[in-house]
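Asks: quick one: sequence and predicted model below, then my questions.
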Amino acid sequence: MFVRDILKQKGNDIITIVIDDYLADAVALLAKWRIGALPVLSSLGELNGIISERDIIRALANNPQTLSDRIANHMTKNVITCTTDFPVTDVMSIMTKGRFRHLPVVDGQKLIGIISISDVVKAHIDKIVEDNKNMRSYIGSA
């Protein structure tokens, strides 16, 4: 199973934010869409970073007035990405080693999706269930 399989099920809708926006804007979007991270784009649409719930909590822990700060001051700048050709097992390893829960999917320089650890786990479980069903069918027909 590959990242492309997850995106086929999940879709390619991406909620993003622009680098010049404020943390308060990010909080509003995260709450509205009930998501945990936002890819941060430049004014030209390039991926510049990612801002997560964890980034915001760290910022607020240091200064409760932080919501009026620019996202650029608190986002993760060196974003690890994947392509649709990445195997799900590789994505699981990348997320576990990096200790993050969201991974932007790119095609060249273009952001085409984002997957969460929940998406990855769901896809992995669905595959196991399907394999189990096929094995039972095979054994039953023997």
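Replies: Here it is on my side, so go on. The shown structure was predicted, so the numbers you read here are calculated from the model rather than taken from an experiment. Numbering: from 1, shown residues only.
Asks: per-residue pLDDT of A142, please?
Replies: Listed pLDDT for A142 reads 68.
Asks: same deal with G108?
Replies: So, for G108, pLDDT stands at 87.
Asks: can you tell me how far it is from D131?
Replies: 33 Å (CB to CB, to the nearest Å). Where C-beta positions appear, they are placed from N, C-alpha and C, glycine not excepted.
Asks: neighbour-wise, which of these two wins?
Replies: Using other CB atoms under 10 Å, the more surrounded residue of G108 and D131 is D131, with 10 against 6.
Asks: okay, and the more buried one sits in which element?
Replies: Assigned by DSSP states H and E, D131 belongs to helix 117-140.
Asks: now swap in I115 and tell me
Replies: strand 110-116.
Asks: give me the helices and strands touching that strand, please.
Replies: helix 3-10, strand 37-41, strand 102-107 (3 or more CB pairs under 8 Å, 6 or more residues apart in numbering; DSSP states H and E).
Asks: one more time with 6 Å
Replies: strand 102-107 (3 or more CB pairs under 6 Å, 6 or more residues apart in numbering; DSSP states H and E).
Asks: may I see the buried residues of the strand it packs on?
Replies: 102-106 (16 or more other CB atoms under 10 Å).
Asks: so V27 versus I57, what's the distance?
Replies: Where I57 is concerned, V27 sits at a distance of 10 Å (CB to CB).
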